[in-house]
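Asker: here is my input, please return the structure:
(one chain, ligands or ions: 2)
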Amino acid sequence: MLNLFKKADIYKDRTAIQCAEDEFSYLYLSEKSVATASCLLGDQEDLEEERIGLLITPDINYVIALWGIWKAGGIAVPLSLSAKESELEHYISDSEIRRIVSSKDCEEQKNIPQSAGMNIENIEDISEAPSMSLPTLSNDRKAMIIYTSGTTNKPKGVLTTHGNIEAQITALVEAWKWTKDDHIPLILPLHHIHGIINSLCCPLFVGAKISMLGGFDVDNVCKEIAQSNYTVFTAVPTIYFSLIENLERTKEPAIFNGFKNLRLMMSGSAALAPEIHKKWEALTGQKILERYGMTEVGMALSNKIDGERRPGAVGEPLPNVEIKLEDETGNEVTEEGEIGQILLKGPQVFKGYQNLPEKTKAAFKDGWFLTGDVAVMEDGYYRLLGRESIDIIKSGGYKISALEIEDVLLKNENIKECAVIAKNDEKWGEIVVAAITVNSDSIETKELQEWCSKYLSGYKVPRIIKVLDQLPKNAMGKVTKSDLKKLF
Ligand code: MCA
Ligand code: AMP
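Answerer: Numbers count the residues shown, from 1 in each chain. Ligands and ions are numbered 1, 2, ... in the order given. The predicted structure follows:
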């Protein structure tokens with residue numbers, strides 16, 4: 001990680017970031033982030049792992065703020081721009097954030113709960129501070145907290161060190177052959193590893209160029225690909241789904257050529273249907289390289305850049321990642337074709353969940369991280385079969401806890417009982433659906449969806465809500481979600 005800053009000093013005049021018409025060099029990024037760090041420090045010598053929120057539009061200011069927090073010895077907590085007030089409230093209180101770096105044009109500041117008594121530092125105001133001496137940071141310094149959903153109702157904060165982050169970056173730089181000549185469009189949200197590490201930090205580590213395009217917009221991405229010299233592209237399967245729809249409509253040769261000319265196209269964060277893999281290859285000639293990762297570990301498995309890119313498979317361990325499979329009885333699976341949970345080890349594995357020592361302990365077995373993902377090894381490549389827990393939903397690349405949504409639904413006085421599950425969906429991978437029993441007959445599911453959207457990010461709002469007389473239950477009175485799935 002700290003090498004990230006040392007390297008930026010070498011790349012100096014090369015373009016690091018492009019935003020619309022503006023290009024920013026590595027030197028600019030270095031200097032502005034030092035000034036930001038100085039300002040965040042005030043009269044302190046070291047932020048000593050103070051947690052600082054980052055709620056900022058995805059442009060050069062995001063990168064300056066992230067580096068500024070890191071250089072001052074703070075822990076960056078990137079916050080989702082689509083988070084509702086109650087969601088931000090959880091991140092802020094759980095991480096013990098007292099300051100948030102934002103920007104004046106970031107409308108989402110309005111979602112920061114007043115009750116949190118937060119100090120908001122607008123990047124435009126703080127970047128003019130004079131430079132001062134900065135703390136010396138070691139690799140075991142804590143660097144980042146990212147929130148991810150799990151089998152609890154509230155998202156968990158995943159805490160990583162500078163050493164973890166550097167290990168996550170260098171594994172990918174080696175495996176995917178990143179070089180200074182690369183150029184990537186950044187279209188993913190910057191509160192998750194896929195955007196932060198794969199799209200942002202890897203190219204910055206090698207002196208490459210990043211065009212920050214804001215959120216995903218299919219027409220804008222196609223226009224950009226047609227007219228710029230991009231080399232690498234990474235996205236979630238839902239984005240490939242939208243691109244295919246667009247390419248099937250358009251006859252614009254420059255768009256097809258733009259995609260054809262990329263050296264590497266990748267997909268991850270959720271399963272890429274083999275059908276999408278094949279359609280994309282037929283349209284553009286590109287074989288998508290699918291990989292598997294997790295917030296707690298960065299990227300872990302990948303198809304080969306110079307070898308086979310097998311549809312439906314996630315390949316083999318990335319550099320320095322150790323993987324094994326264990327069956328339900330906790331015994332290692334050594335035969336090909338046998339099913340087991342993925343366990344992994346390596347320098348990129350996180351340090352723990354924020355405020356959850358018991359959950360952290362339960363997530364490891366003899367030093368191996370228990371991913372909760374089930375896989376099988378076939379002809380030397382791993383193939384994912386799904387999650388161990390039915391309560392984890394992956395929609396549009398976002399991980400969602402069914403329990404978090406149930407918790408919100410139960411706040412509505414008209415709802416007696418509820419159960420949330422995933423329904424397979426061609427575009428989103430899975431969509432969130434809910435079954436409820438009600439106290440009042442006059443419930444409108446559309447109104448209920450609108451009510452949910454006050455408390456939950458848009459992708460968490462149940463797309464279908466079914467009102468049932470009773471929920472399917474086992475002899476112990478527990479809802480049988482596998483039976484419920486058959487009703488959707
Ligand atoms: C939005 N909509 C949905 C969903 N999300 N419908 C069903 N399910 C959903 N999940 C609806 C909206 O309500 C809206 O409907 C319409 O779709 C367009 O919404 P919008 O938000 O504008 O969609 P979008 O801009 O097209 O965004 C889709 C997206 C985005 C680009 C796929 O969700 C995204 O950037 N996802 C990536 C998340 C990510 O980076 N995950 C990585 C975490 P209406 O039109 O009716 O209003 S995983 C990770 O980091 C690990 C380490 C890893 O392995 O990578
Ligand atoms: P997150 O907690 O948001 O980082 O999501 C991590 C989860 O995404 C993993 O545990 C997997 O369940 C899922 N995931 C990531 N990459 C893939 C992939 N290529 N195929 C299927 N699932 C994936």
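Asker: in this structure, what helix or strand scores lowest on average pLDDT?
Answerer: The least trusted helix or strand in the chain, going by mean pLDDT, DSSP states H and E, turns out to be helix 123-126, with a mean of 86.
Asker: what is the burial count for residue 446?
Answerer: Counted by other C-beta atoms under 10 Å, the residues lying close to residue 446 total 8. For the C-beta atoms, the positions are set from N, CA and C on the backbone; glycine is no exception.
Asker: ok but it is inside a strand, no?
Answerer: No - secondary structure of residue 446 (DSSP: H, G, I helix; E, B strand; the rest coil): helix, not part of a strand.
Asker: need the pLDDT of it.
Answerer: Residue 446 carries a pLDDT value of 94.
Asker: what bridges to the closest residue to ligand 2 within the stretch 301-450 of the chain?
Answerer: Taking C-beta to the nearest ligand atom, ligand 2 has its nearest neighbour within the stretch 301-450 of the chain at residue 399, 3.5 Å off. Counting by DSSP bridges, residue 399 is bridged to residue 394.
Asker: quick one: list the elements packing against the least confident helix or strand of the chain.
Answerer: helix 26-41, helix 60-71, strand 99-102 (3 or more C-beta pairs under 8 Å, 6 or more residues apart in numbering; DSSP states H and E).
Asker: hmm, try it at 7 Å
Answerer: Judged by 3 or more C-beta pairs under 7 Å, 6 or more residues apart in numbering; DSSP states H and E, helix 123-126 is in contact with helix 26-41, helix 60-71.
Asker: buried ones in that helix?
Answerer: 123, 126 (16 or more other C-beta atoms under 10 Å).
Asker: hang on, the earlier thing: residue 148 is in contact with the residue of the stretch 301-450 of the chain closest to ligand 2, correct?
Answerer: Yes - the pair residue 399 and residue 148 qualifies as a contact (C-beta atoms under 7 Å) at a distance of 5.7 Å.
Asker: how many neighbours does the residue nearest to residue 132 when sequence neighbours are not counted have?
Answerer: Closest residue to residue 132 apart from its sequence neighbours, by C-beta to C-beta, 6 or more residues apart in numbering: residue 38 at 4.6 Å. Here the number of neighbours of residue 38 (other C-beta under 10 Å) works out to 20.
Asker: measure residue 38 to residue 24 for me?
Answerer: 19 Å (C-beta to C-beta, to the nearest Å).
Asker: quick one: pLDDT of the residue nearest to residue 132?
Answerer: You'll see residue 38 listed with a pLDDT of 93.
Asker: if I look at it, how far off is ligand 1?
Answerer: 31 Å (C-beta to the nearest ligand atom, to the nearest Å).
Asker: deepest-packed of the helices and strands packed on helix 123-126, please.
Answerer: For those, the largest average neighbour count (mean count of other C-beta atoms under 10 Å) is found in helix 60-71, namely a mean of 26.
Asker: and that one, average pLDDT?
Answerer: If you average the pLDDT over helix 60-71, you get 97.
Asker: and for the residue nearest to residue 26 when sequence neighbours are not counted, the neighbour number?
Answerer: Nearest residue to residue 26, sequence neighbours excluded (C-beta to C-beta, 6+ apart): residue 11, at 4.0 Å. If you count neighbours by other C-beta under 10 Å, residue 11 ends up with 20.
Asker: how much space between residue 11 and residue 30?
Answerer: Between residue 11 and residue 30 the computed distance is 9 Å (C-beta to C-beta).
Asker: for the stretch 351-488 of the chain, what lies in contact range of ligand 2?
Answerer: Contacts of the stretch 351-488 of the chain with ligand 2, taken as C-beta under 6 Å from any ligand atom, map to 371, 373, 384, 387, 394, 399.
Asker: looking at those, which is nearest ligand 1?
Answerer: Of all these, ligand 1 sits closest to residue 399, with 6.2 Å by C-beta to the nearest ligand atom.
Asker: the closest one: how many residues sit nearby?
Answerer: If you count neighbours by other C-beta under 10 Å, residue 399 ends up with 18.
Asker: tell me the pLDDT of the residue most central in space within the chain.
Answerer: Per C-alpha atoms, centre = their mean, the C-alpha nearest to the average position across the chain is that of residue 192, at 2.7 Å. Here the pLDDT value assigned to residue 192 is 98.
Asker: for it, list the residues it contacts.
Answerer: Contacts for residue 192 (C-beta atoms under 7 Å, 6 or more residues apart in numbering) come out as 146, 295.
Asker: how far away is it from residue 175?
Answerer: Going from residue 192 to residue 175 by C-beta to C-beta gives 20 Å.
Asker: redo the helices and strands packed on helix 123-126 as TSV? Include distance to ligand 2.
Answerer: Below are the helices and strands packed on helix 123-126 laid out as TSV (distance: least, C-beta to the nearest ligand atom, whole Å):
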stretch	distance to ligand 2
helix 26-41	26
helix 60-71	18
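Asker: which residues does residue 64 contact?
Answerer: Neighbouring residues of residue 64 by C-beta under 7 Å, 6+ apart: 29, 32, 33, 36, 123, 127.
Asker: apart from its chain neighbours, what residue comes closest to it?
Answerer: Distances taken as C-beta to C-beta, 6+ apart place residue 32 nearest to residue 64, at 4.5 Å, with adjacent residues excluded.
Asker: can you check residue 449 too?
Answerer: Spatial nearest neighbour of residue 449, chain neighbours left out: residue 461 (5.6 Å); criterion: C-beta to C-beta, 6+ apart.
Asker: thought that neighbour was touching residue 453?
Answerer: Yes - if you go by C-beta under 7 Å, residue 461 and residue 453 touch, sitting 4.9 Å apart.
Asker: now do the strands in the stretch 51-200 of the chain.
Answerer: 51-54, 75-78, 99-102, 119-122, 142-148, 156-161, 183-186 (DSSP state E, counting those that start in this stretch).
Asker: ignore the last one, the stretch 201-350 of the chain
Answerer: Using DSSP E, counting those that start in this stretch, the strands of the stretch 201-350 of the chain run over 209-212, 232-235, 264-267, 289-294, 298-302, 316-317, 322-326, 332-333, 339-345.
Asker: tell me which of the ones you listed is the most buried.
Answerer: Greatest burial across these, using mean count of other C-beta under 10 Å, falls to strand 298-302, with a mean of 26.
Asker: can that one be found next to ligand 1?
Answerer: No - judged by C-beta under 6 Å from any ligand atom, strand 298-302 makes no contact with ligand 1; its nearest approach is 6.7 Å.
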